[in-house]
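J.: fold the following, please.
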Amino acid sequence: MRQYISLTKFLLILSTLLYVILYGAAAVQAINGDAYPAANIDGTAAFDEDCTPCALAAANAGTGETGALISFFDDADFADDVDISDDADFADGVGFSDVTPSDWHYQYISELANKGLAYGNPDGTYAPEGRLLIDEFLAFTLRTLGYNIANARGYWAQGYIDKAIALGLVDSGEYDKYDVPITREQIADIVVRASGESFSIYRSYNDIFTDINTATKPDSILKAIEIGVLAGYKDHTFRPLNTATRAEAAVTVLRMIDKSYRVEVYSGIFFNPKTDLNENGVMKKEKAEEFVMYMITDNLHIDVSDDGCAIISGEFPELPEGQKYFFDFMIFDNMGKSLAYHSTVALHSNRAINSSGSFYIETTAKKEMIDCIEMMYGVIIYDPIYLQHKSEATYSTIIFYSEAYYKKNAFYRFYDGTGRVTDYDYELTRGIWGW
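T.: Sure, this is the predicted structure:
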């Protein structure tokens, strides 16, 4: 029995040494920038065969404050900083303790990790909100494009900067310093140059952002929008001079090398079917809310006709292919009696509303009789198998006219038949009454 235990220990030690010799050295060598590894630290293929060949296996040494997507230091620094233990397992797609499925960037960082392009800190974090330096993003971009550039002695990034200038990713003398945080517009400029794509309609996006006039590189931002590698914020700003985060850099680079993640623009709203639709093709509630709120705040009107009846009019913003608006309204008197009802899913033509373009409905409900108008909105698809409409969320606004205030509430209506209803409050940014 004692002899059997000794033999087991011996075999365990031997296998560990072989693992370090075969894989550990290769991983450290790749991180030093001398060569690309044939496999990841966990032994899986280093790069997806459909991905642009690149080498971003460098682990963040965690010694600086930048929290960069990649960290480059002198060769002597790497041996102690690289984590090649079992804890550094990213084969599941993420493996980062601070990147969770509820994060907006989760799917992007997960995909980069699967492609062997996203490694975080030795403590298992990715620091998605950490800042990124110009030199680090240039190195990231060049390695993504397949350039194997050794770290220079002294200032590690000099070789990357020289190559970036030679390729036209940056101009000579454009930056006084490269070891400073990179801004969102600078990322746009570098990625647009690196993409090698042509641009024709970028100026048509000039009105999307309310702060485009604050940018020093507005054309680069609009070109990045045209090819779908960058997006703005829900409030229609781009914030060009804001420092870019590691998450934003990761998303931009993934969109550069994988066109299936690029965004399209509909009515000033950025959309990607891979990230904004669920497995059934139904638009996710966060994105549906963007389209619905845009309609409510900018395209919906309540007026009164010459004969004193309520008029409901508006315009449905453009939607991605396969998606439709759901909209209906009901007008009640103070006894709860329905005075009018119209809907995009009404069976009777005299109550139907087209779910695209503009609409103008003059009701028979007299203004003095109206107590409240209830409106419901949503983005839906039609399921021909179950003969029903599906949506993740339907939004309801109840407006009490006679009490001269807005009661603003909404609820999510899930299509899966569980009957779950979640209430939440939201604010209308302007009044919609025309009388």
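J.: alpha carbons only for contacts and neighbour counts from here, please
T.: OK.
J.: contact partners for Thr344?
T.: Tyr325, Phe326, Phe327, Asp328, Ala352, Ile353, Asn354, Ser355 (Cα atoms under 8 Å, 6 or more residues apart in numbering).
J.: now name the helix or strand holding the fourth one.
T.: I take that to be Asp328. Following DSSP states H and E, one finds Asp328 within strand 324-332.
J.: need the contact partners of that strand.
T.: Against strand 324-332 from outside (Cα under 8 Å, 6+ apart): 316, 338-345, 353, 355-356, 365, 370-381.
J.: just the buried residues out of the residues you listed, in PyMOL syntax.
T.: Only the buried entries of these go into this PyMOL selection, using 16 or more other Cα atoms under 10 Å:
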select buried, resi 316+339+340+341+342+343+344+345+353+355+365+370+371+372+373+375+376+377+378+379+380+381
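J.: so what strands line up beside the strand ranked longest in the chain?
T.: In the chain, taking DSSP state E as the definition, the longest strand is strand 372-383. According to DSSP bridges, strand 372-383 has the following sheet partners: strand 324-332 (antiparallel), strand 388-390 (antiparallel), strand 394-400 (antiparallel).
J.: about what we covered before: show the buried residues in the contacts of Thr344.
T.: Tyr325, Phe326, Phe327, Asp328, Ala352, Ile353, Asn354, Ser355.
J.: distance to Leu167 and pLDDT for the residues you listed - can I get that in JSON lines?
T.: Shown next, in JSON lines, are the buried ones among the contacts of Thr344 (distance: Cα to Cα, whole Å; pLDDT from 0 to 100):
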{"residue": "Tyr325", "distance to Leu167": "46", "pLDDT": "88"}
{"residue": "Phe326", "distance to Leu167": "50", "pLDDT": "85"}
{"residue": "Phe327", "distance to Leu167": "52", "pLDDT": "88"}
{"residue": "Asp328", "distance to Leu167": "55", "pLDDT": "88"}
{"residue": "Ala352", "distance to Leu167": "58", "pLDDT": "91"}
{"residue": "Ile353", "distance to Leu167": "55", "pLDDT": "92"}
{"residue": "Asn354", "distance to Leu167": "52", "pLDDT": "89"}
{"residue": "Ser355", "distance to Leu167": "49", "pLDDT": "86"}
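J.: among those, which two are most distant?
T.: Tyr325 and Ala352 (12.9 Å; Cα to Cα).
J.: now do the strands in the stretch 301-435 of the chain.
T.: 309-316, 324-332, 338-343, 357-366, 372-383, 388-390, 394-400, 405-407, 410-413, 421-424 (DSSP state E, counting those that start in this stretch).
J.: and the third one, what does it pack against?
T.: It refers to strand 338-343. Contacts defined by 3 or more Cα pairs under 8 Å, 6 or more residues apart in numbering; DSSP states H and E place strand 338-343 against strand 324-332, strand 357-366.
J.: contacts for the helix or strand where Glu248 lies, please.
T.: If you go by DSSP H and E, Glu248 is part of helix 246-257. With contact meaning Cα under 8 Å, 6+ apart, helix 246-257 is reached by 51-52, 67-69, 105, 108-109, 112, 118, 127-132, 137, 141, 187, 191, 195, 228-230, 261-262.
J.: hey, least reliable of the helices and strands packed on strand 338-343 by pLDDT?
T.: With a mean of 89, strand 324-332 has the lowest mean pLDDT of those.
J.: that strand vs strand 357-366, what angle?
T.: 10 degrees (axes from the mean of the first three to the mean of the last three Cα atoms, to 10 degrees).
J.: now strand 324-332 and strand 338-343, what's the angle there?
T.: Inter-element angle recorded for strand 324-332 and strand 338-343: 170 degrees (by the same axes, to 10 degrees).
J.: show me where pLDDT drops low in this structure?
T.: Under the criterion pLDDT under 70, the flagged ranges of the chain are 1-94, 119, 382-390, 392-435.
J.: show me it divided up by domain.
T.: 18-182+243-262, 285-424 (automatic domain parsing).
J.: please report the distance of Asp176 from Ala188.
T.: 19 Å (Cα to Cα, to the nearest Å).
J.: more neighbours: which of those two?
T.: Ala188 (25 against 8; other Cα atoms under 10 Å).
J.: looking at this, the more buried one is in a helix?
T.: Yes - under DSSP: H, G, I helix; E, B strand; the rest coil, Ala188 sits within a helix.
J.: just to check, it is in contact with Ile221?
T.: Yes - using Cα atoms under 8 Å, Ala188 is in contact with Ile221, at 5.5 Å.
J.: list residues touching both of those two?
T.: Joint contacts of Ala188 and Ile221 (Cα under 8 Å, 6+ apart) are Leu230.
J.: next up, the contacts around Phe209.
T.: Gly232, His236, Thr237, Phe238.
J.: out of those residues, which are buried?
T.: Gly232, His236, Phe238.
J.: what's around Ile269, how many residues?
T.: 22.
J.: tell me what it is bridged to.
T.: Applying DSSP bridges, one finds that Ile269 bridges with Tyr266.
J.: my read is that it contacts Glu290, right?
T.: Yes - taking Cα under 8 Å as the definition, Ile269 is a contact partner of Glu290 at 7.3 Å.
J.: what is in contact with the two at once?
T.: The contact lists of Ile269 and Glu290 share Lys234, where a contact means Cα under 8 Å, 6+ apart.
J.: isn't Ile227 up against Ser260?
T.: No - with contact defined as Cα under 8 Å, Ile227 does not reach Ser260; the gap is 11.5 Å.
J.: comparing these two, which residue is more hemmed in?
T.: Each of Ile227 and Ser260 has its neighbours counted (other Cα under 10 Å); Ile227 has more, 21 against 14.
J.: could you find the closest non-adjacent residue to the more buried one?
T.: Arg262 (7.4 Å; Cα to Cα, 6 or more residues apart in numbering).
J.: that neighbour and Leu222, how far apart?
T.: Taking Cα to Cα, one finds Arg262 at 14 Å from Leu222.
J.: same question for Ile312.
T.: Taken as Cα to Cα, the span from Ile312 to Leu222 is 36 Å.
J.: same deal with Tyr360?
T.: 35 Å.
J.: out of these two, which sits in the more crowded spot?
T.: Leu222 (27 against 14).
J.: and the helices in this protein?
T.: 2-19, 25-31, 78-81, 106-114, 134-144, 158-167, 184-195, 218-227, 246-257, 273-276, 285-299 (DSSP state H).
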